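Student: Structural data only, the sequence is not supplied:
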């Protein structure tokens, strides 16, 4: 069947809000990456593991520059990383991040990395109730642990699929996947869960559960939505 190719754009190692890099240099570097992905034929650009709202702006605007130069209409998606502290690495909460991303006309916002699905649940629920666009979730296979000096992800494939299914039924997700610790069996379990939910429809994917989000127009500083 038809497959989609997602062009992944990670956060890099330099965040402008921490003074690691200036905005213009970051935007130019990300625009170059997007040119390569668009030339390679990706179906969408996924700016993922975002930790800084200024880095998000640079990435989205860099992607828009590349699209305009190449005459492309490749969709741009953004996924943020919420730490166990309840905020992105440099301090914004999920509402502040969503305010910035909404202002950039991004059609899909989601969460990935840092934690497992259980720790993401509060933030997924906030997106479900407030974010006006599409939602994605790519959790780690559980909250990472250190076992015998090595990183260990505790969730089994079935446990992860069960958590993500809960998000689908309760929060109306549109795109799912996995991040750190996700193995081939994890991906297979997610696929089988979706196939089971689509049984009887003649499709291999279920229709998204309808949501009724309420978006309140806002502005955002680095830290919070007002």
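Tutor: Done, it's in. What you are looking at is a predicted structure, and each value in this text was computed from that prediction instead of being measured.
Student: Pull up the gap between the nearest residue to residue 86 once chain neighbours are set aside and residue 166, please.
Tutor: For residue 86, ignoring the flanking residues on the chain, the nearest one in space by C-beta to C-beta, 6 or more residues apart in numbering is residue 93 at 6.7 Å. For glycine as for every other residue, the C-beta is placed from the backbone atoms N, C-alpha and C. Residue 93 sits 23 Å away from residue 166, going by C-beta to C-beta, to the nearest Å.
Student: Report all helices and strands that the helix or strand hosting residue 161 contacts.
Tutor: Assigned by DSSP states H and E, residue 161 belongs to helix 157-171. Here helix 157-171 touches helix 117-130, strand 134-138, strand 175-176, helix 184-197, going by 3 or more C-beta pairs under 8 Å, 6 or more residues apart in numbering; DSSP states H and E.
Student: how about that helix: buried residues?
Tutor: 157, 159, 160, 161, 163, 164, 165, 167, 168, 171 (16 or more other C-beta atoms under 10 Å).
Student: could you pull out the strands for this protein?
Tutor: Assigned strands in the chain, in chain order: 6-9, 44-50, 76-80, 108-112, 134-138, 145-147, 150-152, 175-176 (criterion: DSSP state E).
Student: ok, residue 65 - how many residues close by?
Tutor: For residue 65, the neighbour count with other C-beta atoms under 10 Å is 17.
Student: How about it, nearest residue that isn't a chain neighbour?
Tutor: Nearest non-adjacent residue to residue 65 (C-beta to C-beta, 6+ apart): residue 31, at 4.5 Å.
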